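In: For reference, the sequence and a predicted model appear below.
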Amino acid sequence: MTGLLSDLASLAPKNAAAAVKAAVNTSMCANADSRLSTAPAKVPYDRDMDSLIETPSLAGNVPDTIAISNVNLSLGSGAARVHILKDISLRVGPGEAIGLIGPSGSGKSTLLMVMAGLERPDGGEVVVNGTPFNALDEDALARFRGRQVGIVFQSFHLIPTMTALENVAVPLELAGNPDAAQRAAQELTSVGLGDRLHHYPTQLSGGEQQRVALARALAPDPAILVADEPTGNLDEATGKQIVDLLFTKHAERGMTLVLVTHDTSLAQRCDRVVRLRSGRIDTGTANRVAAS
Ligand code: ADP
Ligand code: MG
């Protein structure tokens with residue numbers, strides 16, 4: 001595992017910790033009980049009715065897949081300490097797709113990391129698929145992420161010493177999936193890479209690498225998929241193919257999707273657009289923000 005960690009660290013120093021956790025985030029707890037989630041049963045969710053529902057009623061009756069309440073987060077130390085997320089409250093329904101937009105430095109990536117359980121807030125509560133993150137220790141949180149959270153990064157974060165198949169299969173194996181290789185091959189085929197299973201990342205185009213990353217994120221069949229500017233390193237045409245694939249998968253699987261993007265037209269393909277400004281949600285953009 002040390003080799004994998006250093007591979008990823010050298011690939012993307014800034015986000016290495018997050019990438020490592022995302023890629024191998026079940027490694028600490030391979031044999032743990034698979035029934036970690038206390039997720040409530042899903043109920044029908046009618047997006048068209050959204051605007052007609054009183055916000056306070058949502059908290060009690062709709063089992064939001066993501067429920068973030070009064071989250072604050074500061075990073076850095078001393079004079080460099082930055083208050084990044086300021087009193088964030090946000091709810092995202094089952095199967096809903098939200099586009100998270102905002103200027104560079106407004107906290108989009110940080111909020112995504114909080115939703116994914118890769119960054120713990122200083123205060124407030126994060127509940128994903130019925131599981132409060134505050135109640136989980138690091139191992140339990142890693143186990144939860146491995147099964148319930150798919151993550152796609154702008155710069156792919158594939159492990160360069162592994163083939164496409166291994167990049168997708170290894171996290172499944174670590175999570176105890178007995179058919180990891182078969183499942184990985186199936187997922188890679190479903191993103192159009194059935195003929196690239198044994199290629200290494202350097203032998204793949206950017207678009208193909210992002211497809212591998214998408215297959216890796218989707219393979220455990222997560223409840224939520226978070227994507228941080230997934231087209232940022234791709235040319236326009238390739239980016240569009242990836243986005244089309246992302247929305248196709250969202251429609252097929254019905255997972256909750258949070259898509260961070262600079263591109264307003266892309267965000268508008270989501271059910272709802274949420275805008276961050278200087279670490280706060282622009283209240284006009286989040287019609288399912290909790291009343292609390
Ligand atoms: P965005 O994704 O919207 O561009 P980020 O969430 O990456 O924004 O960053 C929000 C702010 O937090 C930026 O001002 C950034 O410099 C700061 N920041 C991010 N990570 C750290 C860190 N580890 N330590 C200190 N400040 C950080
Ligand atoms: Mg960012």
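Out: Perfect, thanks for sending it. Treat the numbers as computed from the prediction; the structure is a model and nothing was measured. Ligands and ions are numbered 1, 2, ... in the order given.
In: give me every residue that touches Gln154.
Out: Contacts for Gln154 (Cβ atoms under 8 Å, 6 or more residues apart in numbering) come out as Asp228, Glu229, Pro230, Gly232, Asn233. Where C-beta positions appear, they are placed from N, C-alpha and C, glycine not excepted.
In: Which of the helices or strands spans it?
Out: Using DSSP states H and E, Gln154 sits in no helix or strand.
In: before we move on, the earlier item: of the contacts of Gln154, select the buried ones using a ChimeraX command.
Out: Under the burial definition 16 or more other Cβ atoms under 10 Å, those of the contacts of Gln154 that qualify are selected in ChimeraX by:
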select :228,229,230,233
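In: Can you name the element that comes right after the host helix or strand of Thr189?
Out: Here Thr189, judged by DSSP H and E, is contained in helix 180-190. Scanning forward in sequence from helix 180-190 by DSSP H and E, the next helix or strand is helix 206-218.
In: who's in contact with that following helix?
Out: When contacts are defined by Cβ under 8 Å, 6+ apart, helix 206-218 is touched by residues 23, 150-153, 156-158, 164, 167-168, 171, 184, 187-188, 190-193, 196, 199, 201, 204, 225, 227, 230-231, 233-235, 238, 241-242, 245-246, 249, 253.
In: Per-residue pLDDT of the residue of the stretch 101-250 of the chain found nearest ligand 2, please?
Out: The shortest separation between the stretch 101-250 of the chain and ligand 2 is 3.2 Å, found at Ser109 (distances taken as Cβ to the ion). In this model, Ser109 is scored at 97, pLDDT.
In: Name whatever forms a beta bridge with the residue nearest to it when sequence neighbours are not counted.
Out: With Cβ to Cβ, 6 or more residues apart in numbering as the measure, Asp228 is the residue that lies nearest to Ser109, at 5.4 Å, once sequence neighbours are left out. Residues in a beta bridge with Asp228, per DSSP bridges, are Val260.
In: Would you mind listing what in this structure touches ligand 2?
Out: With Cβ under 5 Å from the ion as the criterion, the chain meets ligand 2 at residues Lys108, Ser109.
In: can you rerun that using 8 Å?
Out: On the criterion Cβ under 8 Å from the ion, ligand 2 has as its neighbours in the chain the residues Ser104, Lys108, Ser109, Thr110, Leu112, Gln154, Asp228, Glu229, Val260.
In: Quick check: the third one is in a helix.
Out: Yes - residue state for Ser109 (DSSP: H, G, I helix; E, B strand; the rest coil) corresponds to a helix.
In: Now do the host helix or strand of Glu166: which elements does it pack against?
Out: Assignment of secondary structure by DSSP H and E places Glu166 within helix 164-174. Contacts of helix 164-174 with other secondary structure elements, assessed using 3 or more Cβ pairs under 8 Å, 6 or more residues apart in numbering; DSSP states H and E, are made with helix 16-23, helix 180-190, helix 206-218.
In: so can I have CSV of these showing mean pLDDT, distance to Ile281 and mean neighbour count?
Out: Below are those laid out as CSV (pLDDT from 0 to 100; distance: least, Cβ to Cβ, whole Å; neighbours: other Cβ atoms under 10 Å):
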stretch, mean pLDDT, distance to Ile281, mean neighbour count
helix 16-23, 49, 22, 22
helix 180-190, 97, 33, 19
helix 206-218, 98, 25, 25
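In: Which neighbouring elements make contact with the helix ranked longest in the chain?
Out: Identified as the longest helix of the chain according to DSSP state H is helix 236-253. With contacts defined as 3+ Cβ pairs under 8 Å, 6+ apart, the secondary structure elements packing on helix 236-253 are helix 206-218, strand 224-228, strand 256-260.
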